[in-house]
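*Asks:* any chance you could fold what I've pasted below:
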Amino acid sequence: PLLQKVTNMVNEAGKGAIIFINNVSNSENTLRKLQQFLNYQDGQEQHPTLAYNYRDYGIGTQILKNLGINKFKVITQNPNIKPQVGGYDVEVTEMVQL
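*Replies:* Numbering: from 1, shown residues only. So this is what the prediction gives:
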């Protein structure tokens, strides 16, 4: 459902790129993420995912820059957390609530 919502938002804007980072590095981390999501479904957690890994922002920013995208909006469930991407010579123009 979330990916579909993001896709719809990009389609409505008429342009955009969706960067999906699968940052699961080992089975222990995968199990932690699955447990976090199950706890969210059961109402035991407020957020469906683990805390952000800021390296993912750097990887995503590098991908966008390689695509020639230097200014972009970030669609996120946490719009108050603005990624620090100044070292990549790009600009986050807006944080959009998902």
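*Asks:* which residues touch the residue nearest the centre of the chain?
*Replies:* With distances taken as CA atoms, centre = their mean, residue 76 lies nearest the centre of the chain, 5.9 Å away. Residue 76 is in contact with 95-98, counting by CB atoms under 8 Å, 6 or more residues apart in numbering. Where you see a C-beta, it was placed from the backbone N, CA and C, and this is true even at glycine.
*Asks:* the helix or strand hosting residue 5: how far from the chain's middle?
*Replies:* Residue 5 belongs to helix 2-13 when assigned by DSSP states H and E. From the chain centre to the centre of helix 2-13 is a distance of 13 Å (CA atoms, centre = their mean, to the nearest Å).
*Asks:* CA-only coordinates of the next helix or strand after it in PDB, if you can.
*Replies:* The helix or strand immediately downstream of helix 2-13 is helix 27-41, counting by DSSP H and E. The C-alpha trace of helix 27-41 is given here as PDB (Å, rounded to 0.1, in the frame of the first residue of the first chain):
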ATOM      1  CA  SER A  27      19.500 -12.500   8.600                       C
ATOM      2  CA  GLU A  28      19.600 -11.000  12.100                       C
ATOM      3  CA  ASN A  29      18.800  -7.600  10.700                       C
ATOM      4  CA  THR A  30      16.000  -9.000   8.600                       C
ATOM      5  CA  LEU A  31      14.400 -10.700  11.600                       C
ATOM      6  CA  ARG A  32      14.600  -7.400  13.600                       C
ATOM      7  CA  LYS A  33      12.800  -5.600  10.800                       C
ATOM      8  CA  LEU A  34      10.200  -8.300  10.400                       C
ATOM      9  CA  GLN A  35       9.600  -8.300  14.200                       C
ATOM     10  CA  GLN A  36       9.300  -4.500  14.200                       C
ATOM     11  CA  PHE A  37       6.700  -4.600  11.400                       C
ATOM     12  CA  LEU A  38       4.700  -7.400  13.200                       C
ATOM     13  CA  ASN A  39       4.800  -5.300  16.400                       C
ATOM     14  CA  TYR A  40       3.500  -2.300  14.400                       C
ATOM     15  CA  GLN A  41       0.600  -4.400  13.000                       C
END
